[in-house]
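In: structural data only, the sequence is not supplied:
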């Protein structure tokens, strides 16, 4: 949020989040939840990816989208998929299923700074807003 930025920090402009039906393509560089990075650029035979449904949670609505993911059997993470980094779209890719806009996360930061709101309680209030 702007109110907590340091004077020398540039406040980046956030693009509007993707609309319903948006499809997220794999990047050429992506990271698994275990921390492993994979570089796809320059590989002669890129591994096959799959497409799965995901939801972008916004400040007042949730938007269904699809996302390309790449299986990764070496990791012991329960999802075992690589997905794209969506920071350029002002979206946090939590686990390739749940994605959160920076606008929503800024809302949590604002709420937490006023009172120590547990994240679960914040999520519940957002669910009530969606209804």
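Out: Nice, thanks for sending it over. These numbers were taken from a predicted model, which means no experiment stands behind them. Residues are numbered from 1 along each chain as shown.
In: please pull out the lowest mean pLDDT helix or strand from the protein.
Out: strand 29-31 (a mean of 70; mean pLDDT, DSSP states H and E).
In: give the contact list for the nearest residue in space to residue 91 that is not next to it in sequence.
Out: Computed as Cβ to Cβ, 6 or more residues apart in numbering, the closest residue to residue 91 that is not its neighbour in sequence is residue 99, at 5.1 Å. The way it works is simple: take the backbone N, C-alpha and C, and place the C-beta from them, glycine included. Counting by Cβ atoms under 8 Å, 6 or more residues apart in numbering, residue 99 makes contact with 54, 55, 56, 57, 65, 67, 86, 91, 92, 93.
In: can you flag which of those belong to strands?
Out: The strands, defined by DSSP state E, take in 54, 55, 56, 57, 65, 67, 91, 92, 93 from these.
In: between those, which is nearest residue 109?
Out: Among these, residue 92 lies closest to residue 109 (Cβ to Cβ), at 12.5 Å.
In: could you pull up phi and psi at the residue lying closest to the closest one once chain neighbours are set aside?
Out: In space, and not counting its chain neighbours, residue 92 is closest to residue 100: 4.7 Å by Cβ to Cβ, 6+ apart. Torsion angles at residue 100 (phi, psi; degrees, to the nearest 10) stand at phi -120, psi 130.
In: what is the burial count for residue 100?
Out: Neighbours of residue 100 under the rule other Cβ atoms under 10 Å: 21.
In: residues in a beta bridge with it, which ones?
Out: Per DSSP bridges, the residues bridged to residue 100 are residue 57, residue 92.
In: what distance separates stretch 61-69 from the centre of its chain?
Out: A distance of 10 Å separates the C-alpha centroid of stretch 61-69 from that of its chain, computed with Cα atoms, centre = their mean, to the nearest Å.
In: identify each buried residue in stretch 65-75, please.
Out: Using 16 or more other Cβ atoms under 10 Å as the test for burial, stretch 65-75 gives 65, 67, 68, 69, 70, 72, 75.
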